[in-house]
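>>> Sharing a model that was predicted from the sequence below.
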Amino acid sequence: MNSADQTKSRIYLTVLTGFLGAGKTTILNRYLESPFGKGTVVLVNEFGDVDVDSAIIGAASEGSNMMSLPNGCVCCEMQDDLSSTLIELAERHNSEGGISRCIIETSGLAVPSSILRTIGRNPLLKSEFEVAQTICVASAPAIIDQANKYIEAAEQIAISDKIAISKSDLIADDMFDYIKAMLRERNPMAEIMVTGVDASVDVLFMPSQNLCHPIEQVIVDDDHVCDHQHEHNHTHGIDSFSIQIDEPLDQNLFYDVLTFWIMRHSDSLLRVKGFLSFVEEPKPHLVNIVHDICNIEPLEREAQGSYLVFIGIGLPETEIRKDLETCNIQAAGARTR
């Protein structure tokens, strides 16, 4: 081993977790756009098969600094892909340098402990990466219900070193202390922060001095739970599907359909995200829906059809596809008149 190998630094690794629609990508983009994001590589994991978050993050970071693991979950069926991708990243760092930090943005249904185990049980990964922290982004309007209803959300809170409360402007002031008390009860050791528009994100991503759950402890705890193999199955029948339509949609009709979806399926519609192209607008639009909270805004990029990922419980996929096709048919009719 030469002297360069002996002195090379390990890559700081942060696991960025949080339930569906918590705002992980928004916070991550703010960090990447800041001077502190230099030298950061982002590994994005999507639960659906359309890689929406990677396209959004790619606008904030150089394309070479973003890697993707779509159509699965790194905490269960994609652990081998996670390992091989991290090894590839380490080899790139050793040959080219310039990488100081890796942030794994998990899917909203991932449990961070499985990711930490994947790293901790691989001697090569342990030698190349230093786990800096696990950060959980918690949506203020939704986190109490999510933590009570979904085991994934509860574990994301419990395993994290820092908990970043997002969307605090959407709740009443008297709810804030109640939310912090709930988070503190579920994780007494975590540092709780608020990530408002004016809050600096560099402190959030600074390595934690004292990890609440060191990687060795996570491995030992897991060995007490199961003897040989850990398997994580997502609960409550949560599933996803994606819809792609190449032609632009009728904007007014789509908003009518969207209103109907939210009224009829708000309890089972956990998340919708993607891109929309409208006949009436030259630019594509970014779609972000969490239950009945909807945000659609134009993007500075070329329109390339519509791509939507639906995540929910028992959603009527056939019905939703027909609704979107109707928007497309109406748009086609308008263009021929």
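Done, it's in.
>>> contacts, neighbours, all on C-alpha from now
Noted.
>>> Report whether residue 130 is found in a strand, as I expect.
Yes: judged by DSSP: H, G, I helix; E, B strand; the rest coil, residue 130 forms part of a strand.
>>> Let me know whether it touches residue 10 as I believe.
Yes: Residue 130 is within contact range of residue 10, at 6.0 Å (criterion: C-alpha atoms under 8 Å).
>>> Between the two ends of stretch 100-114, how far is it?
End-to-end distance for stretch 100-114: 23 Å, by C-alpha to C-alpha, to the nearest Å.
>>> now swap in stretch 26-45 and tell me
Stretch 26-45 has its terminal residues 15 Å apart, counting by C-alpha to C-alpha.
>>> Just want the phi and psi numbers for residue 178.
phi -60, psi -40 (degrees, to the nearest 10).
>>> Could you pull up the residues touching it?
The contact partners of residue 178, by C-alpha atoms under 8 Å, 6 or more residues apart in numbering, come to none.
>>> where's the residue nearest to residue 128 when sequence neighbours are not counted relative to residue 44, distance?
Of all residues beyond its chain neighbours, the one nearest residue 128 is residue 10 (5.0 Å), with distances taken as C-alpha to C-alpha, 6 or more residues apart in numbering. Distance of residue 10 to residue 44, given as C-alpha to C-alpha: 20 Å.
>>> sorry, back to before: can you tell me how far the residue nearest to residue 128 sits from residue 160?
Taking C-alpha to C-alpha, one finds residue 10 at 21 Å from residue 160.
>>> Counting neighbours, go ahead and name the busier of those two.
residue 160 (27 against 19; other C-alpha atoms under 10 Å).
>>> where does the stretch 201-337 of the chain have low pLDDT?
Where the stretch 201-337 of the chain drops to pLDDT under 70, the residues are 210, 212-236, 303, 329-337.
>>> For it, which segments are assigned as helices?
Residue ranges of the helices in the stretch 201-337 of the chain, as given by DSSP state H, counting those that start in this stretch, are 215-225, 251-265, 317-336.
>>> is residue 165 in a bridge, and if so with what?
residue 138, residue 194 (DSSP bridges).
>>> Isn't it up against residue 204?
No: Residue 165 is beyond contact range of residue 204, at 11.1 Å (criterion: C-alpha under 8 Å).
>>> if I look at the two, which residues touch both of them?
Between them, residue 165 and residue 204 share these contacting residues under C-alpha under 8 Å, 6+ apart: residue 193.
>>> in the stretch 1-150 of the chain, which spans are strands?
Applying DSSP state E, counting those that start in this stretch to the stretch 1-150 of the chain gives strands spanning 11-17, 40-45, 66-69, 101-105, 129-139.
>>> So what touches stretch 13-22?
Contacts of stretch 13-22 (C-alpha under 8 Å, 6+ apart): 24, 101-112, 129-139, 146, 152-153, 156-157, 166, 205, 270-271, 288-290.
>>> Only the buried residues of stretch 278-296, if you could.
278-279, 283-292 (16 or more other C-alpha atoms under 10 Å).
>>> how long is that stretch from one end to the other?
Terminal-residue distance, stretch 278-296 (C-alpha to C-alpha): 12 Å.
>>> Residue 165 and residue 204: which has the busier surroundings?
Here residue 165 and residue 204 are compared on neighbour count by other C-alpha under 10 Å; more neighbours surround residue 165, at 24 against 21.
>>> Check what pLDDT the more buried one gets.
We have a pLDDT of 96 for residue 165.
>>> show me the contacts for it.
137-140, 192-195.
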